[in-house]
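**Q** Next one to model:
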Amino acid sequence: MKKERSLAGRISQYGALALIVQLASACSDSTPPPPVANTAQAAAAAAPVADGKLVVAFGDSLYAGYNLDQGKGLAPMLEQALAARGMQAQVVNAGVSGDTSAAGLARLAFTLDGLARKPDLMLVGLGGNDMLRGLSPETTRDNMDAILAELKKRDIPVLLTGMLASPNMGPDYAAAFNSIFPTLATKYDATLYPFMLDGVIGDRALQLPDGIHPNDKGVAVIVTKLTPIVEAQLKE
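**A** Numbering: from 1, shown residues only. Model prediction:
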């Protein structure tokens, strides 16, 4: 019970911080500029792929390495962790901070077509910004469905990293939003990692000052959890 209460407290904190982010966005007098893709992403996509497996991390700021030093984001740390386990793989950073599911869908084909070859695995992590903006879960579901349908069409295996709605969104929104990821994972036979921020949210030692994004220590926690799942998929 103590563990459950602790988790509930961390999720509640996540909800309060998410509400602050929403209010700050809503009160902004100007529309923020569109997100710019990580320059490392473009370079990696254009470079010849070395021998070994090709993994593409396709998502939002949680994938992009938001406010982290170079080499401390999800993609480079996952690549290092796989190498430490004897798995030769290139992990391409295709994360864009601020991306909604609609923005991800819009750039999916461009991203894939820019790669040297078809990926052996695609990590997909979108939807968090949809939730923070209060966008319709039905719209998010449709966009994510279209992304997974395109990847299935191209015969690219998927590891879907899910997101949970913050409590301030209300139970109806949470029920609709939280069901998106397990439902689509089942529909497209994708591997599901249920909550991208598992083990990080609520622990300020693992987060940036905004209380949502992981710092490098937080990314390390996520990578530790994801690495054996990614390795198992690459060995299939």
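**Q** any low-confidence regions in the chain?
**A** 1-51 (pLDDT under 70).
**Q** again, 50 this time
**A** 1-9, 16-17, 19-37, 39-40, 42-44, 46, 48 (pLDDT under 50).
**Q** Quick check, central residue of it?
**A** G125 (2.8 Å; CA atoms, centre = their mean).
**Q** So what's the residue count around the closest residue in space to that residue that isn't next to it in sequence?
**A** Excluding its sequence neighbours, the residue lying closest to G125 (CB to CB, 6 or more residues apart in numbering) is G59, at 3.2 Å. All C-beta spots, glycine's among them, are computed from the backbone N, C-alpha and C. Using other CB atoms under 10 Å, G59 has 26 neighbouring residues.
**Q** same deal with M77?
**A** Quick note: M77 (other CB under 10 Å) scores 22 neighbours.
**Q** wait, what's in contact with it?
**A** G71, D216, V219, A220, V223 (CB atoms under 8 Å, 6 or more residues apart in numbering).
**Q** Filter these down to the ones in helices?
**A** Judged by DSSP state H, helices contain the following of those: D216, V219, A220, V223.
**Q** ok, of those, which come out buried?
**A** With neighbours counted by 16 or more other CB atoms under 10 Å, the ones in helices among the contacts of M77 contain buried members at V219, A220, V223.
**Q** Quick check: the first one touching L74?
**A** Think V219. Yes. Applying CB atoms under 8 Å, one finds V219 in contact with L74, separated by 5.8 Å.
**Q** list residues touching both of these two?
**A** G65.
**Q** Is M122 in a helix, a strand, or coil?
**A** strand (DSSP: H, G, I helix; E, B strand; the rest coil).
**Q** what do you get for A57?
**A** Put simply, A57 is strand when judged by three-state DSSP.
**Q** Give the bridge partners for it, please.
**A** N93, L123 (DSSP bridges).
**Q** could I have stretch 97-111 exported to PDB, CA atoms only?
**A** The C-alpha trace of stretch 97-111 is given here as PDB (Å, rounded to 0.1, in the frame of the first residue of the first chain):
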ATOM      1  CA  SER A  97      10.500  18.600 -29.000                       C
ATOM      2  CA  GLY A  98       6.900  19.900 -29.100                       C
ATOM      3  CA  ASP A  99       5.600  17.300 -31.500                       C
ATOM      4  CA  THR A 100       2.000  16.200 -31.200                       C
ATOM      5  CA  SER A 101       0.800  13.000 -32.800                       C
ATOM      6  CA  ALA A 102      -0.400  15.000 -35.800                       C
ATOM      7  CA  ALA A 103       3.100  16.500 -36.300                       C
ATOM      8  CA  GLY A 104       4.700  13.100 -36.000                       C
ATOM      9  CA  LEU A 105       2.300  11.700 -38.500                       C
ATOM     10  CA  ALA A 106       3.100  14.600 -40.900                       C
ATOM     11  CA  ARG A 107       6.900  13.900 -40.800                       C
ATOM     12  CA  LEU A 108       6.800  10.100 -40.600                       C
ATOM     13  CA  ALA A 109       7.300   9.300 -44.300                       C
ATOM     14  CA  PHE A 110       9.900  12.000 -44.700                       C
ATOM     15  CA  THR A 111      11.900  10.600 -41.800                       C
END
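**Q** can you give me the offset of it from its chain's centre?
**A** Offset of stretch 97-111 from its chain centre (CA atoms, centre = their mean, to the nearest Å): 12 Å.
**Q** Mind jotting down where the helices sit in this protein?
**A** Going by DSSP H, the chain shows helices at 2-26, 39-46, 61-64, 74-84, 101-113, 128-132, 137-153, 171-178, 180-187, 216-234.
**Q** List just the one of the ones you listed that sits closest to M196.
**A** For M196, the closest of these is helix 61-64, at 5.6 Å, according to CB to CB.
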